[in-house]
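**Q** A structural model of the following input is requested.
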Amino acid sequence: MKNIKSEAFLWVQLGGFVLIWVALLYLTGTSLAINWEAVEKLPDAVTIYVVAAFIFTKWLWRLKMFSGWIVPFPDLQGTWKGELKSTWKDASGQRIPAISVVLVIRQTFSSVSCTVFTKESESYSTAAQIVRDEESGTIRLDYNYTNRPKAIIRERSAIHDGAARLRVVTVPSLRMEGEYWTSRCTSGDVAVSFQGRELADSYRPDEFGE
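**A** Residues are numbered from 1 along each chain as shown. Next up is the predicted model:
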């Protein structure tokens with residue numbers, strides 16, 4: 001697996017600076033050769049690069065025109081809704097019904113974080129990354145998290161850690177599916193669909209017809 005956010009960041013840093021330097025030499029009529037006159041243009045190229053890199057990594061990377069080549073990873077920021085099916089069993093030995101979930105992803109050019117809301121708990125990622133399988137080309141969102149159930153149910157559901165791996169699917173619509181594992185020796189399947197760029201801040205039962 002390869003962290004394609006790190007790969008893209010390195011490419012933008014190296015390739016972007018060289019392009020800016022060459023463009024500056026051309027616009028100022030300087031010979032496109034490695035000589036002292038070209039070296040003298042380096043401070044100006046650095047200044048332009050810093051400003052351009054800030055603007056690009058802050059806002060422009062989200063534009064579709066850069067997707068797939070300069071930016072090889074998808075923009076996942078927004079609110080996702082779906083359900084998870086757990087292997088956890090209650091006191092009677094029965095598996096619980098599917099649980100409605102809200103996944104909120106906050107993403108910049110160089111980082112990503114995840115928050116999951118359910119009716120009974122909240123989870124916050126402690127580490128997250130977008131990775132690509134070099135053989136299949138599959139893109140995934142992997143993250144570790146800490147889950148904090150509401151205080152009134154911790155007698156039966158303790159605070160715990162876990163990890164999730166979700167495969168990004170773009171056709172026919174943007175969604176993710178995968179699985180998760182917890183320190184309570186349970187696991188399960190997750191499926192969520194993209195809802196929009198607005199970032200939810202809680203679980204709202206009315207949105208699931210509860």
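**Q** In space, what's closest to the one residue sitting closest to the centre of the chain - neighbours in sequence excluded?
**A** With distances taken as Cα atoms, centre = their mean, the residue of the chain nearest its centroid is residue 112 (4.1 Å). Closest residue to residue 112 apart from its sequence neighbours, by Cβ to Cβ, 6 or more residues apart in numbering: residue 128 at 4.9 Å. Every residue, glycine included, has its C-beta placed from N, CA and C.
**Q** any idea how far the one you found lies from residue 164?
**A** 9 Å (Cβ to Cβ, to the nearest Å).
**Q** The two: who's more crowded?
**A** Neighbours were counted for residue 128 and for residue 164 using other Cβ atoms under 10 Å; residue 164 has more, 26 against 18.
**Q** so what's the more buried one closest to, chain neighbours aside?
**A** Distance criterion Cβ to Cβ, 6+ apart; nearest residue to residue 164, sequence neighbours excluded, is residue 180 at 4.0 Å.
**Q** Would you mind naming the residues that bridge with the one you found?
**A** residue 164, residue 188 (DSSP bridges).
**Q** Please enumerate the helices of this structure.
**A** Listed in chain order, the helices of the chain (DSSP state H) span 4-27, 36-39, 42-58.
**Q** residues of the shortest one that come out buried?
**A** Same thing as helix 36-39. If you call a residue buried by 16 or more other Cβ atoms under 10 Å, then helix 36-39 has these buried ones: residue 38.
**Q** that older thread, show me the contacts for the residue nearest to residue 164.
**A** 84, 162-165, 187-188, 190 (Cβ atoms under 8 Å, 6 or more residues apart in numbering).
**Q** Look up how far residue 176 lies from residue 73.
**A** In terms of Cβ to Cβ, residue 73 sits 13 Å off from residue 176.
**Q** do the same with residue 72
**A** 17 Å.
**Q** Of these two, give the one with the bigger neighbour count.
**A** residue 176 (23 against 17).
**Q** Residues in a beta bridge with that one, which ones?
**A** residue 168, residue 192.
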